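**Student:** just a sequence and a predicted model for now, questions to come.
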Amino acid sequence: MSFEQLISTASLGDGSKPKYQSIAEDLAQAILNGQVPMGEKLPPQRNLAHRLGVTTGTVSRAYAILERQGLATARVGDGTYVRSAEHVDPDQDAPAVAAPIDLAHNVAMVGEESSALQAAFATLSTDPEMLRQVLMYQSETGMRRHREAGAQWLRRFGTSGQWSRVMVTHGAQHGLACVLRTVARPGDALLTESLSYPGLQSLARSMRLQLMGVETDEQGITPQALERAAKTFDTKFLYCAPSLHNPTGATMGLERREAIAAVARANGLYIIEDCVHAAMQATPLPALSTWLPEHSFLLSSFSKVLAPGLRVGYVEAAPQWLSKFAASMRADSWMVAPLLPEVATRWLESGTMEALIGQQRAMTAERLGHALRILRGLDFRTDPEYPLIWLPLPEPWRAGQFAAVLRQSGVLVRTADHFAVGRSPAPHAIRISLNAPASVEQLQTGLHTLRATIDNPPSAAMDP
């Protein structure tokens, strides 16, 4: 049976759930039941929307769910296809009945971004001068209006809002790479939390930097541990996420931030500060860079809090670094392609960005409510504006064994060793992503499975 035959009978549900979920569930069931051959092309979104009497954005969200479930794949400029066997992630066991429930990946939920993007392109299409500009070469630092919008965005973290201190990047990872290429040399030591962002670890390996883990507590890096590490390793660089740290969710209080800034100042440390997840906070605490404006690099982006494909980020730095940073940018990618920054700028100027992030915040709160109920009684850390949960496993579970048993039950999580720096032993803990499941119902199923697994440890899975 082809999708064309299925479309005419596709149910939009009884109104108890969003239309996009009903469409996605019907199409997913058809794929899993083998009613549609692998490699079959899904109908164009506009055509399916017309047949079903819904918006294109509704169909786009349904297709996004299929992609997140590993049931479909989008090919740029070609369309969306049912995933064939050669496209299945080799790191995932192929399920007999359904794709695994993903509580492992940290990816923003599907909101109204598609509709907002269509609106942005519609208004951009009526501005021929800007269309011409976004197709031309730009300065390595980015177009001035994009930098101005980025500077205003960064003011939420207590910065000055000076556009001349801000550069546009292809997301925070690109910004981090440019910063490290600017300030560090092969063999340099770089301090970071003992559990830290895997993207930093990949960059450090590729650039032959030595990552050194610093002891943390419930607020993140401790001043005493940072003081010892700075002297022991004779380094000048610290990378940290003081707000909504990934994976633990730790947030430094104001006094801790002042203490960390004082240690950095006394030891001549440059702070590379990750504020990516802090963008979810309605009223974030001041960034560490507000205490050390001449000795810090502030990184922010929208990929984790809004849409993975919105590869737009900003780096704020002292003016004396900008020419060197621009040289790194030029060597890396010549410039940031201005089309996506133009979209982000329009969203920032119109208030659309705040509205979309507010939607993510509301969806996070809804999902967190279910998690708090299902995981009640367990010792875990989370935040009302954070879609991740840090869960130390109770005895006698060990992280690797727990993840393996859970995987056999069709649920994926991240273990602490995915984030561990160096050879220090990782705690027996897992990170649960509330934003990865395609629906609240799928999230609930995954969390119930996780809870049942914790409560019923099989003796065969335990260490002697």
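**Tutor:** Cool, the structure landed.

**Student:** just confirm Q444 contacts R367, I think it does.
**Tutor:** No: with contact defined as Cβ atoms under 8 Å, Q444 does not reach R367; the gap is 9.1 Å. Quick note: C-beta positions are derived from backbone N, CA and C, even for glycine.

**Student:** of the two, who's got more company?
**Tutor:** The residue with more neighbours, out of Q444 and R367, is R367; 22 against 17, by other Cβ atoms under 10 Å.

**Student:** so which elements touch the longest helix along the chain?
**Tutor:** Of all segments of type helix in the chain, defined using DSSP state H, the longest is helix 352-374. Counting contacts by 3 or more Cβ pairs under 8 Å, 6 or more residues apart in numbering; DSSP states H and E, helix 352-374 is packed against helix 113-124, helix 339-350, strand 381-383, strand 386-392, helix 440-455.

**Student:** for the last one, list every residue counted as buried.
**Tutor:** Taking 16 or more other Cβ atoms under 10 Å as the neighbour-count basis, helix 440-455 is seen to contain the buried residues 440, 442-444, 446-447, 449-451, 453-454.

**Student:** who's in contact with A119?
**Tutor:** T352 (Cβ atoms under 8 Å, 6 or more residues apart in numbering).

**Student:** whoops, I mixed them up, H170
**Tutor:** 311-313, 333, 336-337.

**Student:** quick check: it vs I357, distance?
**Tutor:** 20 Å (Cβ to Cβ, to the nearest Å).

**Student:** the bottom helix or strand of the chain by mean pLDDT?
**Tutor:** helix 3-7 (a mean of 55; mean pLDDT, DSSP states H and E).

**Student:** tell me what the helix or strand that comes right after that one is packed against?
**Tutor:** Under the assignment DSSP states H and E, the closest C-terminal helix or strand after helix 3-7 is helix 19-32. Helix 19-32 sits against helix 3-7, helix 56-68, with contacts defined as 3+ Cβ pairs under 8 Å, 6+ apart.

**Student:** tell me the buried residues in the helix or strand just after helix 19-32?
**Tutor:** Going down the chain from helix 19-32, the next helix or strand is helix 45-52, by DSSP H and E. The neighbour-count check on helix 45-52 (16+ other Cβ under 10 Å) flags 45, 48-49, 52 as buried.

**Student:** looking at those residues, spot the one nearest V183.
**Tutor:** Q45 (44.3 Å; Cβ to Cβ).

**Student:** that closest one contacts T56, doesn't it?
**Tutor:** Yes: counting by Cβ under 8 Å, T56 is a contact partner of Q45 at 5.2 Å.

**Student:** what about N246, how many residues nearby?
**Tutor:** Quick note: N246 (other Cβ under 10 Å) scores 24 neighbours.

**Student:** make JSON lines out of the contacts of H170 and add pLDDT.
**Tutor:** Output for the contacts of H170, formatted as JSON lines (pLDDT from 0 to 100):
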{"residue": "R311", "pLDDT": "93"}
{"residue": "V312", "pLDDT": "96"}
{"residue": "G313", "pLDDT": "96"}
{"residue": "S333", "pLDDT": "84"}
{"residue": "V336", "pLDDT": "92"}
{"residue": "A337", "pLDDT": "92"}
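
**Student:** which one among the residues you listed gets closest to V413?
**Tutor:** Closest to V413, out of all of the contacts of H170 and judged by Cβ to Cβ, is R311, at 26.3 Å.

**Student:** what does the model give the residue nearest to that closest one when sequence neighbours are not counted for pLDDT?
**Tutor:** In space, not counting the residues next to it along the chain, R311 is nearest to G171; the distance is 4.3 Å by Cβ to Cβ, 6 or more residues apart in numbering. Looking at G171, its pLDDT reads 93.

**Student:** got the end-to-end distance for stretch 214-230?
**Tutor:** 10 Å (Cα to Cα, to the nearest Å).

**Student:** what's the answer for stretch 436-443, then?
**Tutor:** With Cα to Cα, one end of stretch 436-443 sits 8 Å from the other.

**Student:** swap in stretch 147-166?
**Tutor:** Start-to-end, stretch 147-166 (Cα to Cα) is 6 Å.

**Student:** which residues sit against it?
**Tutor:** Residues contacting stretch 147-166 (Cβ under 8 Å, 6+ apart): 141-142, 144, 167-168, 275, 278-279, 284-287, 289-290, 293, 298, 300, 314-319, 322, 344-345, 348-349, 353.

**Student:** I am finished for the moment; much appreciated.
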